[in-house]
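Peer 1: I need the structure of the sequence given here:
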Amino acid sequence: TMSSCGTLRDMCQLACSSVIIFSFNNRGYKHPSEKWKIARQCLDIFYTLLEQYAPIPDDFESRVIEVQGRTYPAQKSVGYELMQSLLKQSALLKKIMYIISYGVSNTMCCMSRQRLTVLHQIKNFDEERVKNDSNQFESSLLLCLQIVQLVLEKQGEFLYLNQSAASPVVLTPRDQPLML
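Peer 2: Numbers count the residues shown, from 1 in each chain. This is a model prediction of the structure:
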């Protein structure tokens, strides 16, 4: 049913955001803020979908649907798909960890007032554009951290239900060290 799977809109948002987030940092942009604006928008969708999700036993049951005499695995809820992706070694988890790592290593040099002042003096630098770039980047970084926090909050119940259902999917609690 649509209530157990999430809305069609949620599923489309997840699919589109997943495709976009994987390539956002490999594309060329006229302004760096465009890159971080795209990342922020995708991450905002992920955050909203995760925030609305509460693990339920039905998510962990294998179900099939029949279409024109053929059986197919039923679609799991969008929140389930996100949680499962973030609790295993997935491309989405790696991308979120990349953004966090990038933020940790670059925040101090990119955000310091002294650097903005020096850049402004060197070449008529557009300080408002740098401020916008920084805001988009900081929002993306914050959303990544909030996503990790949500996963940490929901993982106990999710892992318990996954284990109870004897799922063959190997998941790793996020409070254990990450080996990416």
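Peer 1: the strand or helix carrying Thr48: which residues count as buried?
Peer 2: Here Thr48 sits within helix 32-52, counting by DSSP states H and E. Within helix 32-52, the residues scored as buried using 16 or more other C-beta atoms under 10 Å are 32-33, 35-47, 49-50. Bear in mind the C-beta positions are built from the backbone N, C-alpha and C, glycine included.
Peer 1: confirm that Ile65 sits in a helix.
Peer 2: No. Read with DSSP: H, G, I helix; E, B strand; the rest coil, Ile65 is strand and lies in no helix.
Peer 1: the top helix by length along the chain - contacts with which helices or strands?
Peer 2: Using DSSP state H to define each element, the chain has its longest helix at helix 127-164. Helix 127-164 makes packing contacts with helix 32-52, helix 78-86, helix 91-111, helix 113-122 when contacts are defined by 3 or more C-beta pairs under 8 Å, 6 or more residues apart in numbering; DSSP states H and E.
Peer 1: which secondary structure state does Thr172 sit in?
Peer 2: What three-state DSSP gives for Thr172 is coil.
Peer 1: count of neighbours near it?
Peer 2: Thr172 has 16 neighbours, counted by other C-beta atoms under 10 Å.
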